[in-house]
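Enquirer: Pasted the sequence and its predicted model underneath.
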There are 2 protein chains.
Amino acid sequence: MSVTAPRGFVAAGAACGIKASGALDLALVATEDAVAVPAAGVFTSNRAAAAPVLVSRAHLAATGGRAAAVVLSSGNANAATGDPGRADAERMCRLVGDDLGSASEEVLVCSTGLIGIPLPMGPVAQGIPGLVAARAGGREAAVAAASAIMTTDTVRKEAVVVGDGFTVGAMAKGAAMLAPDMATMLAVLTTDAVCAGAALGTALARAVTGSFNTLTVDGCTSTNDTVLVLAGGGSGTSPSTEALGEALGEACRQLAEAMAADAEGGTKVFRVVVTGAGSDEEAHAAARRVAGSMLVKCSVNGEDPYWGRVMSELGSAGVGFEADRVAISYGDVCVCRHGVSAAHDAAAVAAHMAGAHVEIRGDLGLGGGTGAVLGTDLGHGYIDENRTTS
Amino acid sequence: MSVTAPRGFVAAGAACGIKASGALDLALVATEDAVAVPAAGVFTSNRAAAAPVLVSRAHLAATGGRAAAVVLSSGNANAATGDPGRADAERMCRLVGDDLGSASEEVLVCSTGLIGIPLPMGPVAQGIPGLVAARAGGREAAVAAASAIMTTDTVRKEAVVVGDGFTVGAMAKGAAMLAPDMATMLAVLTTDAVCAGAALGTALARAVTGSFNTLTVDGCTSTNDTVLVLAGGGSGTSPSTEALGEALGEACRQLAEAMAADAEGGTKVFRVVVTGAGSDEEAHAAARRVAGSMLVKCSVNGEDPYWGRVMSELGSAGVGFEADRVAISYGDVCVCRHGVSAAHDAAAVAAHMAGAHVEIRGDLGLGGGTGAVLGTDLGHGYIDENRTTS
């Protein structure tokens, strides 16, 4: 059910012709009665933010954090498209708002796909009335919406989390350019919890920090990354900000794991856990450095427990570091202690490296800071996927 | 002639058995009379600095910047080897010093190869007397030394620069893990210029900034990077610090270009030139971000002029950026102007992308800052080289 699981939400997916393949490329998530409800967003930190990011940010500011619908398109990012691109994004909101009977500021917009090519607004404008008319509750509508935002994704990404008296539903797309600080990914969350706008923003920010921002695939930061949440209140339950943040976070974590598993060309997901750092921030920075290292990624692809590369990355992460305090493990097997090679069961390490999920642990031996980042390996498939856009 | 080109220097290479293949793995560069002369070094910023880095730093500090010789080994990095590793590096210097009749503090040491494995000191100690005895001037000795520091390098890297009344000779190794701030590479420069130690350090730092530190292959920063220079004074000429820095810089630039061309698995070298930035520092940071991007590297490999990725990286480089002021060119052909797609000669761009050297230019349109960074493409070869160490 994903985005239609919480009470009071409808969704739709349609094919308007942005994608030459004829696949679904327009999605809608809206409140059932098209009334604006508390909404919040987290957007890319890329200064080359795409037109839909600029427009959604402006709309949330204009409404003081309320929205009735989100329209999403895939196949073209509407990024690096200048003022005409921004006008196109505004027009998408206006067309959806007109059909819903909502103000255009109450509609948010996301796009994903190639950068630098004007959005084909003819097909988009022609497709929107049918998209809005098709909106419905239930599983089929949610599947259509989640399918319509896929680009290089090979699987749909959906999640439902049931809280204490309320429900969170979510859909996302993302398979490449994933990195901390939100890299090419879109996610829309819905909830029937009762929640004021300010608390919703706080809960969402917390959820994103503990999920999408711990994911790194290739270190690139997208122009279009957006996570949006709409809180309809249909359950009548008012959870605490903590409880709501936890439920949103759980949904985001499930989506982030799905993205890592679907990363372009990736064959393995690995988690880098750093402990013993001077602070949680330093632990996270060190974990991110290791997870983002092309050489570490290659080693994971080759199932090679070459811990020297992990040591080298920890040492160049810009955090507190004393080589002779460092311990490094693959899975549960410690291969480096006090900064030097430790006798270990090589067969156990080999068995761990051969799995689809690899864990690399680095203990800096300095303090109580901990952090974890998900990464994906680097193999031929990543290159084959990304060397040309055609 | 490389390191033996300036008057007063000798060199040697030997095979002591670190490399199972029996290839040359020990190198020496020394003053002809084994007398210490002004010397300076630039070392890795990695906090997991290897034992030879710690020892060479300490020796230069102890002598106030003087050295009679450099001993180098390849095949084992003597990194993440703890106190025993440091004792091994000290012993290498002592053995060489004993044979030369120099103090062990007047000998500097470099190692390159795998991390985390104790240096096989038996073969090294056995090999040093023959290495020292074999030292000679002339081309053959220089070739032997430059060959003995190679690891995954496919070609020797040597340079000679003739200044006004003095000569600079240089050798280097490096083909992977190259990044700004000195990543796995060793270089030894010699000169017969007359130069005080302090000026020599200044000239070397300037030379490294404009050469090795503009090179990025995979963004990894090595535990062992070292650039050393010895100034013997044999020419009797005292160039200005600027003139000496220029000659050292030219030698370093030639070596950096050779490293980029020899990067593991690379098929193309590309230069990212950023202009119009708020400062030279911002331009360099932006160029480094673009050159280090896995997606940009894949595009270069695929000869795909997908400038959207360049725009996205410029926007996430953390520097002053306004999308509608940005222009992007491949070679001389502008493909993006005012932040949006510009009509251009696609055939000319395709021809440029098909070459072995690609130039990507980004103008931020904000100020006078300029910077350039060399990068290499990302293809199957890089992965094949790095996925396992065996």
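Expert: Yep, that arrived.
Enquirer: C-alpha from now on. contacts and neighbour counts both.
Expert: OK.
Enquirer: mind listing the strands in the stretch 1-150 of chain A by residue range?
Expert: Under the criterion DSSP state E, counting those that start in this stretch, the stretch 1-150 of chain A contains strands at A:9-14, A:26-31, A:37-43, A:66-67, A:69-76, A:107-114.
Enquirer: okay, those strands in CSV with mean pLDDT and distance to residue A:259 next?
Expert: Below are the strands of the stretch 1-150 of chain A laid out as CSV (pLDDT from 0 to 100; distance: least, CA to CA, whole Å):
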stretch, mean pLDDT, distance to residue A:259
strand A:9-14, 98, 21
strand A:26-31, 98, 19
strand A:37-43, 95, 18
strand A:66-67, 98, 26
strand A:69-76, 96, 17
strand A:107-114, 94, 15
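Enquirer: Could you provide those strands in a markdown table, with additional columns for distance to chain B and mean neighbour count?
Expert: A markdown table is the format used below for those (distance: least, CA to the nearest CA, whole Å; neighbours: other CA atoms under 10 Å in any protein chain shown):
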| stretch | distance to chain B | mean neighbour count |
| --- | --- | --- |
| strand A:9-14 | 26 | 28 |
| strand A:26-31 | 22 | 29 |
| strand A:37-43 | 13 | 23 |
| strand A:66-67 | 27 | 28 |
| strand A:69-76 | 11 | 26 |
| strand A:107-114 | 7 | 27 |
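Enquirer: What are the boundaries of the strands in the stretch 151-300 of chain A?
Expert: Under DSSP E, counting those that start in this stretch, the stretch 151-300 of chain A gives strands at A:157-162, A:167-173, A:186-191, A:215-216, A:226-231, A:269-277.
Enquirer: So residue A:94 sits against residue A:104, correct?
Expert: Yes: taking contacts as CA atoms under 8 Å, residue A:94 lies within contact range of residue A:104: 4.5 Å.
Enquirer: Please report how far the closest residue to residue A:140 other than its chain neighbours lies from residue A:187.
Expert: Ranked by CA to CA, 6 or more residues apart in numbering or on different chains and with sequence neighbours excluded, the top spatial neighbour of residue A:140 is residue A:1, at 7.6 Å. Distance, residue A:1 to residue A:187, using CA to CA, to the nearest Å: 15 Å.
Enquirer: ok, the two, which is more surrounded?
Expert: More neighbours surround residue A:187 than the other of residue A:1 and residue A:187, with 25 against 20 (other CA atoms under 10 Å in any protein chain shown).
Enquirer: Looks like that one contacts residue A:172 (just checking).
Expert: Yes: the criterion here is CA under 8 Å, and residue A:187 meets it with residue A:172 at 4.1 Å.
Enquirer: burial of the closest residue to residue A:22 other than its chain neighbours, as a residue count?
Expert: Distances taken as CA to CA, 6+ apart place residue A:15 nearest to residue A:22, at 6.3 Å, with adjacent residues excluded. Using other CA under 10 Å, residue A:15 is surrounded by 23 other residues.
Enquirer: Using CSV, please lay out the strands of the stretch 1-150 of chain A together with distance to residue A:289.
Expert: Shown next, in CSV, are those (distance: least, CA to CA, whole Å):
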stretch, distance to residue A:289
strand A:9-14, 38
strand A:26-31, 35
strand A:37-43, 23
strand A:66-67, 37
strand A:69-76, 31
strand A:107-114, 27
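Enquirer: Residue A:346: how many residues sit nearby?
Expert: Neighbour number of residue A:346 under other CA under 10 Å is 12.
Enquirer: which one's the longest helix in chain A?
Expert: helix A:241-261 (DSSP state H).
Enquirer: low-confidence ranges in chain A?
Expert: For chain A, the stretches flagged by pLDDT under 70 are A:175-184, A:216-221, A:264-265, A:390.
Enquirer: Spell out which residues make up each domain of it.
Expert: Split into domains by automatic domain parsing, chain A comes to A:2-261, A:269-386.
Enquirer: could you redo those as CSV and give each row distance to residue B:339?
Expert: Converted to CSV, the domains of chain A look like this (distance: least, CA to CA, whole Å):
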stretch, distance to residue B:339
domain A:2-261, 6
domain A:269-386, 23
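Enquirer: Looking at these, spot the one closest to residue B:53.
Expert: domain A:269-386 (13.4 Å; CA to CA).
Enquirer: is any part of the closest one close to chain B?
Expert: Yes: judged by CA under 8 Å from any CA of the partner chain, domain A:269-386 comes into contact with chain B at A:293-295, A:298-304, A:306-309, A:311-316, A:321-324, A:338-341, A:378-380, A:383, A:386.
Enquirer: Among the residues you listed, name the ones in strands.
Expert: A:340-341 (DSSP state E).
Enquirer: So which residues on the stretch 51-200 of chain A come close to chain B?
Expert: With the criterion set to CA under 8 Å from any CA, the stretch 51-200 of chain A comes near chain B through A:80-82, A:114-117, A:177.
Enquirer: State the distance from the closest residue to residue A:334 other than its chain neighbours to residue A:83.
Expert: Computed as CA to CA, 6+ apart, the closest residue to residue A:334 that is not its neighbour in sequence is residue A:328, at 5.8 Å. Residue A:328 sits 51 Å away from residue A:83, going by CA to CA.
Enquirer: again with residue A:363
Expert: For residue A:363, the distance to residue A:83 (CA to CA) stands at 49 Å.
Enquirer: Looking at the two now, which is surrounded by more residues?
Expert: In terms of neighbours (other CA under 10 Å), residue A:363 is the more surrounded of residue A:363 and residue A:83; the figures are 24 against 13.
Enquirer: which residues does the residue located most distally from the centre of chain A contact?
Expert: Centroid-distance maximum for chain A: residue A:343 at 39.4 Å, with CA atoms, centre = their mean. When contacts are counted by CA atoms under 8 Å, 6 or more residues apart in numbering or on different chains, residue A:343 is found next to residue A:335.
Enquirer: repeat for residue A:250
Expert: A:161, A:207.
Enquirer: 6 Å instead?
Expert: Contacts of residue A:250 were listed using CA atoms under 6 Å, 6 or more residues apart in numbering or on different chains, and none were found.
Enquirer: One more: residue A:15?
Expert: The neighbourhood of residue A:15, defined by CA under 6 Å, 6+ apart, consists of A:23-25.
Enquirer: ditto for residue A:74
Expert: A:25, A:111-113, A:149.
Enquirer: likewise residue A:232?
Expert: A:37, A:192.
Enquirer: And it, how far from residue A:253?
Expert: As judged by CA to CA, residue A:232 and residue A:253 stand 22 Å apart.
Enquirer: Equivalent analysis for residue A:238, please.
Expert: Distance from residue A:238 to residue A:253, by CA to CA: 22 Å.
Enquirer: go on, residue A:74?
Expert: As judged by CA to CA, residue A:74 and residue A:253 stand 23 Å apart.
Enquirer: now swap in residue A:291 and tell me
Expert: 17 Å.
Enquirer: Then residue A:279?
Expert: As judged by CA to CA, residue A:279 and residue A:253 stand 23 Å apart.
Enquirer: Which one's more surrounded, the two?
Expert: Neighbour count, other CA under 10 Å: between residue A:279 and residue A:253, residue A:253 has more, with 22 against 18.
Enquirer: Could I get the contacting residues of the more buried one?
Expert: Listed by CA under 6 Å, 6+ apart, the contact set of residue A:253 reads residue A:211.
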